[in-house]
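Undergrad: Turn this into a model:
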Amino acid sequence: MVEELLHRLAGPNATFREHQREAITDLVEDRARVLCVQRTGWGKSAVYFLATTLLREKGAGPALIVSPLLALMRNQIAAAEKLGIRALTINSTNRDAWAEVRDLLAEDAVDLLLISPERLNNPQFRETMLPLFAERVGLLVIDEAHCISDWGHDFRPDYRRIQDMLEQLPAGVAVLCTTATANDRVVADITEQLALGHAGALRTYRGPLSRASLRLEVVEKPAPADRLAWLATFLPSLPGSGIVYTLTKRDADLVADFLSAHGVPAQSYSGEVDTETRIATEERLLRNELKCVVATSALGMGYDKPDLGFVVHYQAPGSVISYYQQVGRAGRAIDRADVVLLRGAEDRRIQDFFIEQAFPRQEQVDRVLEALDDGGGATTNELMGIVNLGKGRIEAMLKVLDVEGAVARNGTRWVRQPGATWTYDGDRYAHVTALRRREQEAMAAFGADGRCLMRALQEELDDPDPSDCGVCAVCTGPRFAGPLDPELVRAAALHLRSKPLVLDVKKMAPDAEGKMKKLAEGVRAEEGRALARLGDGGWDPLVQQGRGAGRFDDQLVAAAAEAVRVWSPPIAYVTAVPSLRSGPLVPDFAARLAAALGLPFEPLLERVADNPPQREMANSAQQVANVRGAFKVVAAPPQSGALLVDDIRFSGWTLAMIAGQLRRQGATAVFPLALSTAF
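TA: Residues are numbered from 1 along each chain as shown. Sure thing, here's the model as predicted:
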């Protein structure tokens, strides 16, 4: 019977892989709790699909799958239909269907429900649907279970709500946890987090993590122009279609644009892209209409293209474990796929940012909790006026505090939970941060310490039987380290410098209490431009060199002048943002730019307060407060359009607020120009 189901799911020649049948038997016959740590492509979904079918035939309730990505949900629903499984999903994109799904659950007309972990943190879902499901569920599946553990590479606080689900489950409900990226420490933490002691020992099936179909290579290309040229040179010769991973959305866009301009069909993909476009991009890659998708980690867990021919990393992720998870997309149903890591000079800086942002300092948490001690609580925007943290970090902190019982959401406000005994676990956070640093060092050593590349991945994941693969670049020699066409490298360098960035108009601003208020049109800055982004390989290295030398190079003057000519804002003069720290650096540049444009330079502004650098301010409320009163208009601006020049734009609020001051004093329009921008 179970073989027949496997053939319906995977084809007439399909056979069970090691541990699949045992895991299914444990779930169906013993209603056990099972953890499968198996390589990508092993067939974890087959285990829970077949177990769901068999449990339903025995009269058990429907299965609930907690899955982190919408791409996985769409693929899983399509696969479930092959077994006649009635599968539905509840996620952020189909909120209108929730009531219908609840009615179907009440009628026992659903065999399998996929939800995102964020649903577990949604009060409406917890109050109306979770009790109904907990009462009837026959199988709980926790996919990508490493997300439960803050020792894992992709910890997600919403996964902690699974403990609430487990507490509500009736006795004898089977539980399956699946992941490809759990080392010994993560496995131990999953066991503890799921509180499995009362239900008997967790049955763990751990398979070998070696992937015989993958050929791994590391190519050192610190300069972004060299990496762009490498991609345009080698991607056309790689088999089939694949994925190029970047660490940031802006790099995904930049790489995709360059490849498309050089005859390589490419499309960027990130979590900021709308759902419809993401689905369309995934399907184009499935149909091999694209040579590659250039993606952030948003295209990772759950994307299923068995014949994916290559995975290339434009930058290195922060850990070998993350790297293994991403390269696992390739070579699942083909004999050979190429996996290439292009290590960049900026990798460590970006990795450092993610590591340092992971846990807030205790004094910041204490200030948030003190602000909530007032019975009325506070909104997130109000907290931004109190604590120097970005909105995303405050929201992440509140989510953890909510999951751990310290705070609760009451409408739009956050309040303290009465009688909560939560304490800041500084030792654990420090240990996790130290682990992240060790993982970062292991990633830096990957490909540089002489080990077989597949063995290095296995050893980092505590594979019990690591071995040399015999096919990677260390075992057999490099294949992709050849010289690049200098003309293509020059074209890549021009691409990095070719498009000034658009600086959006600030239309809302926080008041002293953190509440966002609309800015009057008469004081707004106009849309602006920047030559580069901080850390990019275009003009920014020359910007940083000039900041260090105390004078910007004439090349930057010429580039800025050309950008302004192409932009063509209606300006009659140039002025500059003064600084107590850099002295004449920016006014000197602005005066030379004015001369290049044939316009007068007007020194209209004076710095009157020595506030901290704007880069130290983490949210808009703090940024606006830091600029307020720091600058003075010392001469009447001409009643015409002005170009307002600064070297580095960290938040945009310095330019926006100075523009407001100039507008109030008579400037008819103010157009910001920054040499580099942080975002």
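
Undergrad: Run through the strands of the stretch 301-450 of the chain in chain order.
TA: Using DSSP state E, counting those that start in this stretch, the strands of the stretch 301-450 of the chain run over residues 310-313, 337-343, 407-410, 413-416.

Undergrad: Contacts for the second one next, please.
TA: Strand 337-343 is touched from outside by 213-222, 227, 230-231, 234, 238-239, 242, 308-316, 323, 327, 330-331, 446-447, 480, with contacts defined as C-beta atoms under 8 Å, 6 or more residues apart in numbering. Backbone N, C-alpha and C define where each C-beta goes, glycine included.

Undergrad: please redo it, this time with the cut-off set to 7 Å
TA: Defining contact as C-beta atoms under 7 Å, 6 or more residues apart in numbering, one finds that strand 337-343 is touched by 213-221, 227, 230, 238-239, 308-314, 316, 327, 330-331, 447, 480.

Undergrad: Let's see which of the residues you listed end up in helices.
TA: Judged by DSSP state H, the contacts of strand 337-343 include 227, 230, 327 as members of helices.

Undergrad: quick one: which of the residues you listed is nearest M384?
TA: Top of the list for closeness to M384, among the ones in helices among the contacts of strand 337-343 and by C-beta to C-beta, is R227 at 36.8 Å.

Undergrad: Poorly predicted segments of the stretch 151-300 of the chain, please.
TA: Counting by pLDDT under 70, the stretch 151-300 of the chain has low-confidence residues at 195-200, 300.

Undergrad: now the strands: where do they sit in it?
TA: Counting by DSSP E, counting those that start in this stretch, one finds strands in the stretch 151-300 of the chain at the ranges 174-179, 203-206, 214-220, 242-245, 266-269, 292-295.

Undergrad: looking at the strands of the stretch 301-450 of the chain, which is closest to G390?
TA: With C-beta to C-beta as the measure, strand 413-416 is the member of the strands of the stretch 301-450 of the chain nearest G390 (16.3 Å).

Undergrad: what pLDDT, on average, does that closest one get?
TA: Strand 413-416 shows a mean pLDDT of 90 in the predicted model.

Undergrad: For C452, find the nearest of the strands of the stretch 301-450 of the chain.
TA: Proximity to C452 (C-beta to C-beta) singles out strand 337-343 among these, at 13.3 Å.

Undergrad: So which residues of the stretch 451-600 of the chain form strands?
TA: Going by DSSP E, counting those that start in this stretch, the stretch 451-600 of the chain shows strands at 501-503, 508-510, 516-518, 528-533, 573-576.

Undergrad: Let me see the ranges of the helices in the stretch 451-600 of the chain.
TA: Under the criterion DSSP state H, counting those that start in this stretch, the stretch 451-600 of the chain carries helices at the ranges 453-460, 473-476, 486-498, 540-549, 554-567, 585-597.

Undergrad: ditto for the stretch 1-150 of the chain
TA: For the stretch 1-150 of the chain, the helices defined by DSSP H, counting those that start in this stretch cover 2-10, 20-29, 44-57, 70-80, 98-106, 123-128, 130-136.

Undergrad: Check which helices and strands the fifth one sits against.
TA: With contacts taken as 3 or more C-beta pairs under 7 Å, 6 or more residues apart in numbering; DSSP states H and E, helix 98-106 sits against strand 87-90, helix 130-136.

Undergrad: can I get the ones you listed in CSV with distance to H431?
TA: Formatted as CSV, the entries for the helices and strands packed on helix 98-106 read as follows, by distance: least, C-beta to C-beta, whole Å:
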stretch, distance to H431
strand 87-90, 35
helix 130-136, 32
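
Undergrad: Of the ones you listed, which stretch is the most buried?
TA: Counting by mean count of other C-beta atoms under 10 Å, strand 87-90 has the highest mean neighbour count of the helices and strands packed on helix 98-106, with a mean of 21.

Undergrad: List the contacts of that one.
TA: Residues lying outside strand 87-90 but in contact with it, judged by C-beta under 7 Å, 6+ apart, are 73, 76-77, 80, 98, 101, 104, 110-115, 119.

Undergrad: will you turn those residues into CSV that also has neighbour count, pLDDT and distance to A442?
TA: Shown next, in CSV, are these (neighbours: other C-beta atoms under 10 Å; pLDDT from 0 to 100; distance: C-beta to C-beta, whole Å):
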residue, neighbour count, pLDDT, distance to A442
M73, 23, 61, 32
Q76, 23, 72, 32
I77, 16, 76, 37
A80, 24, 80, 38
W98, 16, 69, 43
V101, 18, 75, 43
L104, 16, 80, 47
V110, 22, 85, 43
D111, 21, 90, 42
L112, 25, 89, 38
L113, 22, 86, 38
L114, 24, 85, 34
I115, 22, 84, 34
R119, 22, 79, 34
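
Undergrad: Which pLDDT does the model give P483?
TA: 92.

Undergrad: Measure how buried it is and give me the count.
TA: Each residue near P483 was counted by other C-beta atoms under 10 Å, and the total is 7.

Undergrad: What's the separation between V293 and A180?
TA: Separation of V293 from A180 (C-beta to C-beta, to the nearest Å) stands at 20 Å.

Undergrad: who's more crowded, these two?
TA: Each of V293 and A180 had its neighbours counted (other C-beta under 10 Å), and the higher figure belongs to V293 (25 against 22).

Undergrad: Compare the strands of the stretch 451-600 of the chain and give me the one nearest M1.
TA: Closest approach to M1 among the strands of the stretch 451-600 of the chain (C-beta to C-beta): strand 528-533, 58.4 Å.

Undergrad: relative to helix 540-549, how tilted is that closest one?
TA: Computed with axes from the mean of the first three to the mean of the last three C-alpha atoms, to 10 degrees, the direction of strand 528-533 lies at 90 degrees from that of helix 540-549.

Undergrad: out of the strands of the stretch 151-300 of the chain, which comes closest to G548?
TA: Shortest distance between G548 and those, using C-beta to C-beta, is found for strand 214-220: 25.5 Å.

Undergrad: for the closest one, packing partners?
TA: Applying 3+ C-beta pairs under 7 Å, 6+ apart, we find strand 214-220 packed against strand 337-343, helix 453-460, helix 473-476.

Undergrad: Can you give me the buried ones in it?
TA: Neighbour counts using 16 or more other C-beta atoms under 10 Å place 214-219 of strand 214-220 among the buried residues.

Undergrad: Starting from it, tell me which strands it pairs with and how they run.
TA: Using DSSP bridges, the strands paired with strand 214-220 are strand 337-343 (parallel).

Undergrad: returning to what we had before: export the strands of the stretch 151-300 of the chain to CSV and tack on distance to K499?
TA: Conversion of the strands of the stretch 151-300 of the chain to CSV gives the following (distance: least, C-beta to C-beta, whole Å):
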stretch, distance to K499
strand 174-179, 40
strand 203-206, 48
strand 214-220, 26
strand 242-245, 20
strand 266-269, 14
strand 292-295, 16
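
Undergrad: Got the domain ranges for the chain?
TA: Following automatic domain parsing, one gets these domains for the chain: 2-206, 214-348+451-494, 354-427, 499-677.

Undergrad: And the last one, how far out from the chain middle?
TA: It refers to domain 499-677. 29 Å (C-alpha atoms, centre = their mean, to the nearest Å).

Undergrad: All good on my end, thank you.
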